[in-house]
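Peer 1: Sequence and predicted model, in that order:
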Amino acid sequence: MHTHAALITRFYDAFAKKDGAAMAACYTPDVTFTDPAFGLLRGVEAGAMWRMLTARAADLAIRHSNVEANDQSGRCDWEADYTFAATGRWVENRIHAEFEFRDGLISKHVDHFDVWRWSGMAIGVPGRLLGWAPFFRSAIQKKARGQLFATMTKEGVPRPA
């Protein structure tokens, strides 16, 4: 197994154990992370996001598969099943992740998933009706980032410049 494939596996094994700190340790200090829920996060923001999500996850189940990697890039598919805390609704999210590596760590991480599908499960009827709309997606991102930045402030983690 390529060392970067092993790194991806270590990242998702830590996620399955709800160990956000171990996940963050797989990233370079200047990592960029992007997904539909949070948008672009840089450096410590990405690690703080995983710590926040794993700390809040009472019934999280994580599975990953199709791990591929070489010296420059990698990818995998992963699934997250959990209760969305804000609504109490069950979510089965299917994600495709793409990675870039530097110095034996993840320097770029992009998660792709169907926001319309996710919002229908997580939010219910409003998500099914409006999950495709840019303003609705923007509202989801604003709320997620607000929760992240509040958590970072509480932890005393400074935001990157």
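Peer 2: In hand now; what should we look at? Quantities reported herein were computed from a predicted structural model and do not represent experimental measurements.
Peer 1: only C-alpha atoms for contact and neighbour calcs from this point on.
Peer 2: Will do.
Peer 1: Give the partner strands of the top strand by length along the chain in its sheet and their orientations.
Peer 2: Secondary structure of the chain read by DSSP state E shows that its longest strand is strand 89-102. Under the criterion DSSP bridges, strand 89-102 sits next to strand 73-84 (antiparallel), strand 105-112 (antiparallel) in its sheet.
Peer 1: Quick check: buried residues in the first one?
Peer 2: I take that to be strand 73-84. Ser73, Gly74, Arg75, Cys76, Asp77, Trp78, Ala80, Tyr82, Thr83, Phe84 (16 or more other CA atoms under 10 Å).
Peer 1: measure the second one to Gly20 for me?
Peer 2: Taking CA to CA, to the nearest Å as the measure, Gly74 and Gly20 are separated by 21 Å.
Peer 1: could you list every residue that touches Arg89?
Peer 2: Contact partners of Arg89, counting by CA atoms under 8 Å, 6 or more residues apart in numbering, are Thr83, Met121, Ala122, Ile123, Gly124.
Peer 1: Can you tell me which of the strands paired with strand 89-102 is nearest to Leu130?
Peer 2: strand 73-84 (17.8 Å; CA to CA).
Peer 1: ok, residues contacting the closest one?
Peer 2: Against strand 73-84 from outside (CA under 8 Å, 6+ apart): 4-5, 8, 57-69, 89-101, 122.
Peer 1: do the same with stretch 122-137
Peer 2: 36-37, 84, 87, 89-91, 115-121.
Peer 1: remind me which residues of the protein are low pLDDT?
Peer 2: In the predicted model of the chain, residues 161 satisfy pLDDT under 70.
Peer 1: mind saving the C-alpha coords of the longest helix anywhere in it as PDB?
Peer 2: As assigned by DSSP state H, the longest helix anywhere in the chain is helix 134-155. C-alpha atoms of helix 134-155 as PDB (Å, rounded to 0.1, in the frame of the first residue of the first chain):
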ATOM      1  CA  PRO A 134     -27.800  28.700  -4.100                       C
ATOM      2  CA  PHE A 135     -29.300  30.900  -1.400                       C
ATOM      3  CA  PHE A 136     -30.200  27.800   0.600                       C
ATOM      4  CA  ARG A 137     -26.800  26.400   0.200                       C
ATOM      5  CA  SER A 138     -25.300  29.700   1.300                       C
ATOM      6  CA  ALA A 139     -27.400  29.700   4.400                       C
ATOM      7  CA  ILE A 140     -26.200  26.100   5.300                       C
ATOM      8  CA  GLN A 141     -22.600  27.200   4.800                       C
ATOM      9  CA  LYS A 142     -23.100  30.400   6.900                       C
ATOM     10  CA  LYS A 143     -24.600  28.400   9.800                       C
ATOM     11  CA  ALA A 144     -21.900  25.700   9.700                       C
ATOM     12  CA  ARG A 145     -19.100  28.200   9.600                       C
ATOM     13  CA  GLY A 146     -20.600  30.200  12.400                       C
ATOM     14  CA  GLN A 147     -20.700  27.100  14.600                       C
ATOM     15  CA  LEU A 148     -17.100  26.300  13.700                       C
ATOM     16  CA  PHE A 149     -15.800  29.800  14.400                       C
ATOM     17  CA  ALA A 150     -17.700  29.900  17.800                       C
ATOM     18  CA  THR A 151     -16.100  26.500  18.700                       C
ATOM     19  CA  MET A 152     -12.700  27.800  17.700                       C
ATOM     20  CA  THR A 153     -13.200  30.900  19.900                       C
ATOM     21  CA  LYS A 154     -14.300  28.700  22.800                       C
ATOM     22  CA  GLU A 155     -11.200  26.500  22.300                       C
END
